[in-house]
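>>> Need the 3D shape of this:
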Amino acid sequence: MRALPQFGFRSIPVLLPALGLLAQNSAAEAVHLVSQPQLGHFATIQAAVDAASDGETLLIAPGYYGGFTVNGKGLTVIAPLGTVNISETITITGLSAAQAVRLSQLVVVIPGDAMSNTPAERVIALRGVGNQGQIWLQDCLFTGAIGVGSVTGVGEPGGAGAEFLQCAHVLASNCAFTGGTGGGCVSSNCYGGSGGVGGSGVRANGGQLSFQACTLTAAMGGTNGSSGGAGGHGLHAIGVAHTRATGTTFKGGKGGEAWDFLCIKGGAGGHGINATSGEVKLLASPIIAGGAGNGQVCPDGSAGQPFFGAANLEVLPDPARTLSANDFSGDGTSLAVEVHGQAGDKVWLATALRWNWLHVSGVFGVWLLPYPHPLTLIPQGTIPASGTLSLAPFVSDFAVPAQIRLLQALVVDTQGQAYFTGGRHAVVINRTAQPDCNSNGLNDWLDVFYGVAPDWSPRNLVPDSCEH
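All right, here's what the predicted structure looks like:
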């Protein structure tokens, strides 16, 4: 049985989105279903979603894709080689309490301007609507569309990076959510128009939210002659019961500018967090107000506030406790995991195949794995002076085509305060499973991922030796 090379962390598109440009000359859009390799690959993500069974895993080759909708299916969608760019909205809807959708390594940017009266699904990068199950996001970038301006009316609002409407549980790890700028107008004819509202980083109505090492950045309001538009909010939470964040930044958008020579006021700045109710608990997570829009003759607009609303806010200044891990591997090898915190923190790492969502009294964060969960009496390690503890949990061989391994750490500081890190999910492929087109005893997708078999022309997760 062929052994796999050890593999550490990969570049994350949130940090390096421009890497997608490097692959466009050789990429060929291809989406594979892990449990149904006999179907070959699909040219669009939507076609693969439609053909997938509940619980399926989709592997996306580098390239440029349209949006897709997941309706009532639990799916894992991952770009194992990164550099996957999506130019239309992703919609997740109709998940039952037992289902989860997991997205990893996707860059979703809605291009151009939002059309007037365009439905929300056309201007928002990610939409979740009516889900009792879990939406789990990691290493993704979501950017909403820019609003269209108006000469005499009000510019269209910018699209939110993500919107979650009545979604029970949303978890994001190492993701960036960015709103689109409100519609504006700066021509000499724009004397009677107003700028559109800037898009929020994340907008949510109902449910519960958890963020680890994310950025939620609202956009500036639109600029216009009559008045500037208001900036968006980093997080706009309406009726959200619980929001937890560690190592995450919330930033309101600047108000739009008013440029007419008359007494015109700039737009109001957005809030870092605007939460109407529930509780918001933040660990090492700065909240930044949006600045006031510049006025002409008359004063500027009002600045936003770091936090606004009736929700109960609790801010902990402690260093963030976070977890990072590679998200694609084969069985019979070890995952590369890092836990980040304060020197002296004791760490217990847990893994599972099923998810959960539980608040534990006295512990910061959300427990995401089955409860009760067996943990060793002795911690797996103590965080050294560098602030990072490296661990390598071994994944034993299994018979099914793939497993989704969920990881989370319990961290206890030297004073006895306990923290749950955010969670990570890893797609683990059976290394002897089909497809194996070159008959070398190693699954083709792992062949390509580990560089055992080249896949350069086209880059479709199929070894070149099998196509030429």
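>>> domain assignment for the chain?
Domains of the chain are assigned by automatic domain parsing as 17-316, 322-429.
>>> so where's the stretch 51-200 of the chain uncertain?
112-122, 151-153, 186-192 (pLDDT under 70).
>>> dump the residue contacts of the nearest residue to Pro384 once chain neighbours are set aside.
Distance criterion C-beta to C-beta, 6 or more residues apart in numbering; nearest residue to Pro384, sequence neighbours excluded, is Ala343 at 6.2 Å. Just so you know, the C-beta spots here come from the backbone N, C-alpha and C atoms, and that holds for glycine as well. Listed by C-beta atoms under 8 Å, 6 or more residues apart in numbering, the contact set of Ala343 reads 383-387.
>>> And Ala350, how far from Gly423?
10 Å (C-beta to C-beta, to the nearest Å).
>>> Asp447 now?
29 Å.
>>> same deal with Asp300?
With C-beta to C-beta as the criterion, Asp300 and Gly423 are 42 Å apart.
>>> Show me which of the two is the more surrounded one.
Gly423 (27 against 20; other C-beta atoms under 10 Å).
>>> list the contacts for the more buried one?
So Gly423 contacts 136, 171, 173, 212, 323, 355, 368-369, 406-408 (C-beta under 8 Å, 6+ apart).
>>> Return the subset of these lying in strands.
136, 171, 173, 212, 323, 406-408 (DSSP state E).
>>> And for Ala52, the neighbour number?
With other C-beta under 10 Å as criterion, Ala52 counts 24.
>>> can you check Gly341 too?
25.
>>> I figured it was touching Val411, is that so?
Yes. Using C-beta atoms under 8 Å, Gly341 and Val411 qualify as a contacting pair, with a distance of 5.4 Å.
>>> overlap in contacts of the two?
321, 347, 383, 419.
>>> ok, so of those, who is nearest Thr276?
Tyr419 (26.9 Å; C-beta to C-beta).
>>> The closest one is in what secondary structure piece?
strand 418-420 (DSSP states H and E).
>>> Show me the helices in the stretch 351-468 of the chain, by range?
444-449 (DSSP state H, counting those that start in this stretch).
>>> in it, which spans are strands?
Secondary structure of the stretch 351-468 of the chain (DSSP state E, counting those that start in this stretch): strands at 363-364, 381-382, 388-391, 394-395, 402-412, 418-420, 424-429.
>>> how about the ones you listed, which one is nearest Val109?
strand 424-429 (23.3 Å).
>>> Can you give the strand pairings for that closest one, parallel or anti for each?
strand 328-330 (parallel), strand 402-412 (antiparallel) (DSSP bridges).
>>> ok, so what distance separates the residue nearest to Ala97 when sequence neighbours are not counted from His169?
Closest residue to Ala97 apart from its sequence neighbours, by C-beta to C-beta, 6+ apart: Gln132 at 4.3 Å. To His169, Gln132 is 9 Å away according to C-beta to C-beta.
>>> more neighbours, the two?
Between Gln132 and His169, counted using other C-beta under 10 Å, His169 has the larger neighbour count: 24 against 15.
>>> Measure how the one helix or strand the more buried one maps to sits relative to strand 424-429, angle-wise.
Assessed by DSSP H and E, His169 sits inside strand 162-173. Per axes from the mean of the first three to the mean of the last three C-alpha atoms, to 10 degrees, the angle that strand 162-173 makes with strand 424-429 is 80 degrees.
>>> Distance from the chain centre to the next helix or strand after strand 162-173, please.
Next helix or strand after strand 162-173 toward the C-terminus (DSSP H and E): strand 176-178. Here strand 176-178 is found 8 Å from its chain centre; the criterion is C-alpha atoms, centre = their mean, to the nearest Å.
>>> Where does Val49 sit: helix, strand or coil?
helix (DSSP: H, G, I helix; E, B strand; the rest coil).
>>> Give me the distance between the closest residue to it other than its chain neighbours and Ile86.
Spatially, and ignoring its direct neighbours in sequence, Val49 is nearest to Phe68 (5.4 Å; C-beta to C-beta, 6+ apart). Phe68 sits 8 Å away from Ile86, taking C-beta to C-beta as the criterion.
>>> So for these two, which residue has more residues nearby?
Ile86 (26 against 22).
>>> coming back round to it: what subset of the contacts of Ala343 is buried?
Ile383 (16 or more other C-beta atoms under 10 Å).
>>> now, which of the contacts of Ala343 sits nearest Met220?
Gly387 (34.7 Å).
>>> I'd guessed the closest one sits against Val339; true?
No. Using C-beta under 8 Å, Gly387 is not in contact with Val339, being 9.6 Å away.
>>> pLDDT score assigned to Ala258?
What the model reports as pLDDT for Ala258 is 79.
>>> before we move on, what about Trp456?
88.
>>> one step back: packed most tightly, which of the strands paired with strand 424-429 would that be?
Mean neighbour count, computed with mean count of other C-beta atoms under 10 Å, is highest for strand 328-330 among these, reaching a mean of 25.
>>> ok, the closest residue to Ala172 other than its chain neighbours - contacts?
Distances taken as C-beta to C-beta, 6+ apart put Leu137 closest to Ala172, at 4.4 Å, once the chain neighbours are dropped. By C-beta under 8 Å, 6+ apart, the contact set of Leu137 is 102-104, 126, 170-173, 175.
>>> Now the common contact residues for Ala350 and Gly423.
Shared contacts of Ala350 and Gly423, defined by C-beta under 8 Å, 6+ apart, comprise 369, 407-408.
>>> what's the burial count for the residue lying closest to Ala409 once chain neighbours are set aside?
Leaving aside its chain neighbours, Ala409 sits nearest to Thr421 (4.5 Å; criterion: C-beta to C-beta, 6+ apart). Look at Thr421: counted by other C-beta under 10 Å, it has 28 neighbours.
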